[in-house]
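Enquirer: how would this look folded up:
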Amino acid sequence: MLAEDRKWRFGVLSSTGAGHLNPLIALSQELTRRGHTVAFFGQPKIEARVRDAGLGFFSIGAPNFTDSELPRRHSSGIRLDIETLRGNLARLTREMDYYLRKTPPVLAAAGIDALLIDEIALTGPTVAEMLGVPYFLLSTSVPHRFGWRSGWMSAWNGASWLGRSAKSPILSLQSALLDASALSLRGTLRKTLNRLRRDVGLGPLRRLSSQYPCLAHITQLPRCLDSRRNVVPANFFYSGLWLNGRARKSVLFPWGRLDGRPVVYVTLGTTRHATPDMYSAIAEACSGFGVQLVVALGDRFDAAIFRDLPGRPIVVRFAPQLELLKVATLVIAHGGCNTSLETLIEGKPLVVVPLAWDQPAIAARLQRVGVAEVVPGTRLSAGLLRKAIAKVLTQPRYRMAAERIQSELLSLDGAQRAAAIIEVELAGRAARRRLAPEAQLTPKIALSAEHIPPRATASYRLD
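Expert: Residues are numbered from 1 along each chain as shown. I've put the predicted structure just below:
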């Protein structure tokens, strides 16, 4: 069989968050459509979601945490911030140790040919090096290697004591924790991973990019939305949105309650940073524009507590987002990459309220290309929101800019492009190995089947 015609067996290491899982599932489905075999390796809580998408799944389990590693509920201010940071570091340290022990035997038993690694799966490249298999880094948002800081919007945690303090060393450490990815760990996390790598006979992380690089680093962020860059690494690729509407779970929605007014769709994602007051401010800001609000809360709030919001909007926990984006006139969102790209692929403008993580970086890019107005979550008020909403609803330039981006996104077909890059890079590697067989990779450690769950090998084999 020619290398370019070979069907590969892929293993996926993904975060459990919907913002990571949804696009990685869509990309995996495109690879299976091309005849490859794909299985996710991760925590049991994503198994149903992965299997419903027609993909394989192997349970790795999840580490347990003691109460001492979590912040004390009675703490507040700087004490709460310090304890939260300490808890996050303890959690990530334990996760790295756990997955470096548990993942390689399960992957080896499955017989995968290559790994597709979510950029924030911190131990992913080390696992690939331990097994001697090629790997791809996948960024579902702005790649960490380019940084998430966006000028005046960089104070992601402005609601906390640390966010208000000037150049706090703890804030710097917290920001480094936020920016952590498989190749850009710093401080405590980097020391931990280097220690774990030494334990299995590998060199320090700083040598990984030169001694065991990924075949390609691919982001679903389209180049037209990224900051202007004169140079990008040779193995780095922009693709475009990884989307497959058939992969989404069906969600019941009261379509009959839409009354013909222009629809404004509101979603602040699934993070813990949204508060009930934010939804109240949004509803108050939208009153008087003659629009109908549809609010998707996620799983953090009960819709019943929002029944008296101004304007009596439709409030649900979960909404059929892709369908609502088709009928919406405006989207008010948190700046998550998936929601932003899914909005733009429908040619709709946004008002963005960035709350945490990569959202300020996404918001800055949306504002730069003229498709959005931005009101930082740390400065949220009904008055500021009303001004932003008025500009986007009344000035055609926002809709026209969104339609320009829509045309570019539709021309990219991101999942097909990313899958093609993966195939080409693997075919090239296979050809190089045929020409130089002495360069073939071998596992760096002796693997044991001790931790392989019996169900994993019985219910799904990649070969």
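
Enquirer: Please count neighbours and contacts with C-alpha atoms only from this point.
Expert: Fine.

Enquirer: Which of the helices or strands spans residue 427?
Expert: Counting by DSSP states H and E, the element that carries residue 427 is helix 414-435.

Enquirer: cool, residue 32 as well?
Expert: Secondary structure (DSSP H and E) places residue 32 in helix 18-33.

Enquirer: Give me the mean pLDDT for the helix holding residue 427.
Expert: Averaged across helix 414-435, the pLDDT comes to 92.

Enquirer: so what secondary structure elements neighbour that helix?
Expert: Secondary-structure packing of helix 414-435 (3 or more C-alpha pairs under 8 Å, 6 or more residues apart in numbering; DSSP states H and E): helix 18-33, strand 216-219.

Enquirer: Between helix 18-33 and it, find me the angle.
Expert: 60 degrees (axes from the mean of the first three to the mean of the last three C-alpha atoms, to 10 degrees).

Enquirer: and the helices and strands packed on helix 414-435 as TSV, adding mean neighbour count?
Expert: Output for the helices and strands packed on helix 414-435, formatted as TSV (neighbours: other C-alpha atoms under 10 Å):
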stretch	mean neighbour count
helix 18-33	21
strand 216-219	24
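
Enquirer: Now tabulate those in JSON lines and tack on mean pLDDT and distance to residue 298.
Expert: Shown next, in JSON lines, are the helices and strands packed on helix 414-435 (pLDDT from 0 to 100; distance: least, C-alpha to C-alpha, whole Å):
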{"stretch": "helix 18-33", "mean pLDDT": "94", "distance to residue 298": "11"}
{"stretch": "strand 216-219", "mean pLDDT": "96", "distance to residue 298": "26"}
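
Enquirer: Out of the ones you listed, which is closest to residue 269?
Expert: helix 18-33 (8.9 Å; C-alpha to C-alpha).

Enquirer: hey, C-alpha coordinates of that closest one in CSV?
Expert: The C-alpha coordinates for helix 18-33 follow below in CSV (Å, rounded to 0.1, in the frame of the first residue of the first chain):
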residue,chain,number,x,y,z
ALA,A,18,-16.8,21.3,25.4
GLY,A,19,-14.7,24.0,23.8
HIS,A,20,-12.0,21.4,23.2
LEU,A,21,-14.1,18.3,22.8
ASN,A,22,-16.6,19.5,20.2
PRO,A,23,-14.0,20.5,17.5
LEU,A,24,-11.7,17.5,18.2
ILE,A,25,-14.7,15.2,17.7
ALA,A,26,-15.5,17.0,14.4
LEU,A,27,-12.0,16.6,13.2
SER,A,28,-11.9,12.9,14.3
GLN,A,29,-15.2,12.3,12.4
GLU,A,30,-13.6,13.8,9.2
LEU,A,31,-10.7,11.4,9.6
THR,A,32,-13.0,8.4,10.0
ARG,A,33,-14.9,9.6,6.9
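
Enquirer: on contacts alone, who are the packing partners of that helix?
Expert: strand 37-42, helix 337-344, helix 414-435.

Enquirer: Residue 27 touches residue 243, doesn't it?
Expert: Yes: with contact defined as C-alpha atoms under 8 Å, residue 27 counts as touching residue 243 (7.5 Å).

Enquirer: Now list whatever residues contact both of these two.
Expert: Residues touching both residue 27 and residue 243 (C-alpha atoms under 8 Å, 6 or more residues apart in numbering): residue 415.

Enquirer: ok so, going back, which of the helices and strands packed on helix 18-33 sits closest to residue 293?
Expert: Smallest distance to residue 293 across these (C-alpha to C-alpha): 16.0 Å, for helix 337-344.

Enquirer: Average pLDDT for the closest one, rounded please.
Expert: Helix 337-344 comes out at a mean pLDDT of 95.

Enquirer: What segments of the stretch 351-463 of the chain are strands?
Expert: Remark: strands assigned in the stretch 351-463 of the chain by DSSP state E, counting those that start in this stretch are 372-374.

Enquirer: hey, where'd the helices end up in it?
Expert: Assigned by DSSP state H, counting those that start in this stretch, the stretch 351-463 of the chain shows helices spanning 359-368, 382-394, 396-412, 414-435, 454-459.

Enquirer: what about the strands in the stretch 101-250 of the chain?
Expert: Using DSSP E, counting those that start in this stretch, strands in the stretch 101-250 of the chain cover 114-118, 135-139, 216-219, 236-238.

Enquirer: who wins for proximity to residue 312 among these?
Expert: Closest among the strands of the stretch 101-250 of the chain, using C-alpha to C-alpha: strand 135-139, at 38.3 Å.

Enquirer: Specify the angle between the closest one and strand 114-118 in degrees.
Expert: 20 degrees.
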